[in-house]
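Asker: here's my sequence, what's the structure:
(chains A, B, C, D, E and F)
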Protein chains: 6
Amino acid sequence: MFSRLFAPRVTAHAHCDLPCGVYDPAQARIEAESVKGTQEKYQANEDADFRVRALIIKEQRAEAVKHHLSVLWSDYFKAPHFEKYPELHQLFNDALKAASATKASTDPKTGEKLLELIAQIDTIFWETKKA
Amino acid sequence: MFSRLFAPRVTAHAHCDLPCGVYDPAQARIEAESVKGTQEKYQANEDADFRVRALIIKEQRAEAVKHHLSVLWSDYFKAPHFEKYPELHQLFNDALKAASATKASTDPKTGEKLLELIAQIDTIFWETKKA
Amino acid sequence: MFSRLFAPRVTAHAHCDLPCGVYDPAQARIEAESVKGTQEKYQANEDADFRVRALIIKEQRAEAVKHHLSVLWSDYFKAPHFEKYPELHQLFNDALKAASATKASTDPKTGEKLLELIAQIDTIFWETKKA
Amino acid sequence: MFSRLFAPRVTAHAHCDLPCGVYDPAQARIEAESVKGTQEKYQANEDADFRVRALIIKEQRAEAVKHHLSVLWSDYFKAPHFEKYPELHQLFNDALKAASATKASTDPKTGEKLLELIAQIDTIFWETKKA
Amino acid sequence: MFSRLFAPRVTAHAHCDLPCGVYDPAQARIEAESVKGTQEKYQANEDADFRVRALIIKEQRAEAVKHHLSVLWSDYFKAPHFEKYPELHQLFNDALKAASATKASTDPKTGEKLLELIAQIDTIFWETKKA
Amino acid sequence: MFSRLFAPRVTAHAHCDLPCGVYDPAQARIEAESVKGTQEKYQANEDADFRVRALIIKEQRAEAVKHHLSVLWSDYFKAPHFEKYPELHQLFNDALKAASATKASTDPKTGEKLLELIAQIDTIFWETKKA
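Answerer: This next block holds a predicted model:
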């Protein structure tokens, strides 16, 4: 079933307008899921070394989230988008700060909040793609 | 409409069994779409500097594809998968070599071939997730 | 003479409020100077290989500019700053897009424009530090 | 006031003689300030996870210091400089070892020592720029 | 004595057949020795911060092992090799999983096992070079 | 035959005195062979895109050489070594500048010169290991 959903997205991305032109909030989302997954693993395991590794990996994945979000905000979204969605600047700044917050916390709720903000960006992103 | 498709995938990934435990062939696919997009841009623009930039970016994106594929092959797929899908080793090796081939070519057909191999991996991946 | 200017800045940065807490737009500025310097070198040398190298290096330095700017926008600047400087979101977005523009151009004027936007950010940054 | 100090440095860097040609010990210094800032934060916070994060970040920032110092030593400084400043080789080796020492210690004095060695390099650097 | 052993290897590598064409399992082996060395240091030192640093460094070195192994498997080894050594796919997958296992353990035996698998790959590699 | 040469080196590296403690000039040498190999490939192929790729890869491999050399100079070699081998500082600076020179040239002689300087460092390195 999923392979059918898979195919059209490939096609949809072909309408690119930059040297690469392929953007997808899924990149930020998948890394944010890793952040949340790592937080859940941390909570479920009290071994000290395991927890250090969880912190190392969470730091890297949260940084990857920030990178993917920055690319969307600076490279994909343009003036007409910011006019239509005036909340977009603040939404991205909030999402980036939420990613930083997951670095400083092992509470999966911070990962969940990050995912919610990315989902809001994702909704707007695909609206602009349909337009 | 897409936000509905989006949500269940987030949930599906929550069943992780490793320090991070979140895997998704979409990471390799999106980078491979960038490779193909860059090849198409290259073909459509004869400016020498533009083409150099396309080659630089294609090299990076194809390397990212290889990294994401290697992670899937070594970290996600395990002995039971290789028993059930004995073609998996060769499929991954072919996909990695196809990614190398996109570095050496500006023909979008090489990018397309890479995407097809990733789609085969994607199909198997989601079958193992459903099992 | 410069060593005297040097010392107080070290002291000024000691008042950090985060795990690292040291921010300085000079990091973005120095990389942007490299971008502009590379563009000038490109213009002054017609050797094909030299120009390819200039494009490779410019791509890397412009990416470093974008990273340093993103860090400032998401990590240093906070809600009270955005209230006091409502233009800050757009200024950062413009600066990031100006950095992308230097990737796509070998005209030192694009590097100069990037430096001007960073200088505006720098002015606001040091105002907030004095406050 | 600072914006005036800012401008001339931009101009000063324009006299570059390499593909990029822009060097500035400030890059090493800012990262070294982060190292020292992280050590101070570590000392002020006994939370185990916070301290692990401080160690992760310190490791990265100290590595960045080493990279920037190596670039100065191998790319900017040349034979005439080493003749005029015969202590330069040892000074750089000491600074690099001081950066390694900050990785192995959470005592801000090690960060301070690193900053002092970078300040010595900075003084020589700007003397050679004036010459 | 070693300089004599050193020289012929340089010559041997000159017969390359790709853009770079130089491969050597020594790259993976040296990083794996670092992994094992770090595990031994960890066992010999009970200081909490030292152990955190050992975990950070081990994570990086094990990742470097994985990268070098992936390059050998996807770029150097080709169809005729896989026909002659049908165990090669599984051997590489085992070695990559052994590298992941060293991330999750501070037992030098896991580093030793990784080195043994790399030694098996090394033996096959040099056999194919002689052929 | 090579597997016998291989084994003792593994053992020899076990006497490490730092968090990781494993050093080997082979890391710099293998990357420098890649540099030279890339220069030879460049000379043998007049296709414009192939040559751009050769320049991209050469830039990366030469940078890797510089990193590995810097690590040896700053982390492995210590005061007693510099006393016994007073030429060591200049030798490393020359080698690093030779690596930079390979970035700026497609002449395999520059790669060869780099390899010769690394071989001199290698000789000294293994003398200090035997001592």
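
Asker: looking at chain A, what residue ends up closest to chain E?
Answerer: Of all residues in chain A, the one sitting closest to chain E is A:V52 (4.9 Å; C-beta to the nearest C-beta). (C-beta placed from N, C-alpha, C; glycine too.)

Asker: contact partners for that residue?
Answerer: Neighbour list for A:V52: D:52, E:51-52, E:55 [criterion: C-beta atoms under 8 Å, 6 or more residues apart in numbering or on different chains].

Asker: try A:A32
Answerer: So A:A32 contacts A:61, A:65, A:99, A:102, A:111, A:114-115, A:118 (C-beta under 8 Å, 6+ apart).

Asker: repeat that for 7 Å
Answerer: A:65, A:111, A:114-115, A:118 (C-beta atoms under 7 Å, 6 or more residues apart in numbering or on different chains).

Asker: next, it: secondary structure please.
Answerer: The three-state label given to A:A32 by DSSP: H, G, I helix; E, B strand; the rest coil is helix.

Asker: how close does it get to chain F?
Answerer: A:A32 sits 30 Å away from chain F when distances are taken as C-beta to the nearest C-beta, to the nearest Å.

Asker: secondary structure element for the residue of chain A closest to chain E?
Answerer: helix A:48-71 (DSSP states H and E).

Asker: surely A:R29 and A:I118 touch.
Answerer: Yes. Applying C-beta atoms under 7 Å as the test, A:R29 and A:I118 come out as touching, 5.0 Å apart.

Asker: who has more neighbours, these two?
Answerer: A:I118 (30 against 25; other C-beta atoms under 10 Å in any protein chain shown).

Asker: so what's A:D107 closest to, chain neighbours aside?
Answerer: A:Q39 (6.6 Å; C-beta to C-beta, 6 or more residues apart in numbering or on different chains).

Asker: got the contact list for that neighbour?
Answerer: Listed by C-beta under 7 Å, 6+ apart, the contact set of A:Q39 reads A:58, A:106-108, A:111.

Asker: what about 8 Å?
Answerer: Residues in contact with A:Q39 (C-beta under 8 Å, 6+ apart) are A:54, A:58, A:102, A:105-108, A:110-111.

Asker: give me the neighbour count for the closest residue to the residue of chain A closest to chain E other than its chain neighbours.
Answerer: Leaving aside its sequence neighbours, A:V52 sits nearest to E:L55 (C-beta to C-beta, 6+ apart; 4.9 Å). Around E:L55 there are 25 other residues, counting by other C-beta under 10 Å.

Asker: hang on, E:L55 packs against A:A54?
Answerer: No. If you go by C-beta atoms under 8 Å, E:L55 and A:A54 don't touch, sitting 10.7 Å apart.

Asker: need the helices for chain A, in chain order.
Answerer: Taking DSSP state H, the helices of chain A run over residues A:2-12, A:26-44, A:48-71, A:79-84, A:88-103, A:108-130.

Asker: pick the most buried one from the ones you listed.
Answerer: The highest average neighbour count among those, using mean count of other C-beta atoms under 10 Å in any protein chain shown, belongs to helix A:26-44 at a mean of 24.

Asker: please state the offset of that one from the chain centre?
Answerer: Here helix A:26-44 is found 11 Å from its chain centre; the criterion is C-alpha atoms, centre = their mean, to the nearest Å.

Asker: what angle separates that helix from helix A:88-103?
Answerer: 30 degrees (axes from the mean of the first three to the mean of the last three C-alpha atoms, to 10 degrees).

Asker: before we move on, back to that, tell me what angle the helix holding A:V52 forms with helix C:88-103.
Answerer: Using the same axes, to 10 degrees: helix A:48-71 against helix C:88-103 is 80 degrees.

Asker: excluding chain neighbours, what is closest to the residue nearest to the spatial centre of chain A?
Answerer: With distances taken as C-alpha atoms, centre = their mean, A:A28 lies nearest the centre of chain A, 2.5 Å away. In space, and not counting its chain neighbours, A:A28 is closest to A:H68: 3.9 Å by C-beta to C-beta, 6+ apart.

Asker: need the pLDDT of that neighbour.
Answerer: With respect to pLDDT, A:H68 scores 97.

Asker: so who does it touch?
Answerer: Here A:H68 is in contact with A:25, A:27-28, A:31 (C-beta under 8 Å, 6+ apart).

Asker: give me that answer again for 10 Å
Answerer: A:H68 makes contact with A:23-32, A:99, A:118, B:30, according to C-beta atoms under 10 Å, 6 or more residues apart in numbering or on different chains.

Asker: now render those residues as a markdown table, adding pLDDT.
Answerer: Shown next, in a markdown table, are the contacts of A:H68 (pLDDT from 0 to 100):
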| residue | pLDDT |
| --- | --- |
| A:Y23 | 95 |
| A:D24 | 96 |
| A:P25 | 97 |
| A:A26 | 97 |
| A:Q27 | 97 |
| A:A28 | 98 |
| A:R29 | 98 |
| A:I30 | 97 |
| A:E31 | 97 |
| A:A32 | 98 |
| A:A99 | 98 |
| A:I118 | 98 |
| B:I30 | 97 |
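
Asker: between those residues, which is closest to C:D47?
Answerer: Using C-beta to C-beta, A:Y23 is the member of the contacts of A:H68 that lies nearest C:D47, at 35.4 Å.

Asker: hmm, A:S74 and the closest one touching each other?
Answerer: No. Counting by C-beta atoms under 10 Å, A:S74 is not a contact partner of A:Y23; they are 11.1 Å apart.

Asker: A:E112: what's it in contact with?
Answerer: Residues near A:E112 by C-beta under 10 Å, 6+ apart: A:32, A:35-36, A:39, A:98, A:102, B:10.

Asker: export stretch A:100-115 as PDB, just CAs?
Answerer: Written as PDB, here are the backbone C-alpha positions of stretch A:100-115 (Å, rounded to 0.1, in the frame of the first residue of the first chain):
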ATOM      1  CA  SER A 100      17.700  23.300  21.000                       C
ATOM      2  CA  ALA A 101      15.400  22.500  23.900                       C
ATOM      3  CA  THR A 102      15.500  18.800  23.000                       C
ATOM      4  CA  LYS A 103      19.300  19.000  23.300                       C
ATOM      5  CA  ALA A 104      18.900  20.300  26.900                       C
ATOM      6  CA  SER A 105      16.200  17.800  28.000                       C
ATOM      7  CA  THR A 106      15.600  14.000  28.100                       C
ATOM      8  CA  ASP A 107      11.900  14.500  28.400                       C
ATOM      9  CA  PRO A 108      10.100  13.000  25.300                       C
ATOM     10  CA  LYS A 109       7.600  15.700  25.600                       C
ATOM     11  CA  THR A 110      10.200  18.200  24.200                       C
ATOM     12  CA  GLY A 111      10.700  15.900  21.300                       C
ATOM     13  CA  GLU A 112       6.900  15.700  20.800                       C
ATOM     14  CA  LYS A 113       6.700  19.500  20.800                       C
ATOM     15  CA  LEU A 114       9.400  19.700  18.200                       C
ATOM     16  CA  LEU A 115       7.500  17.200  16.000                       C
END
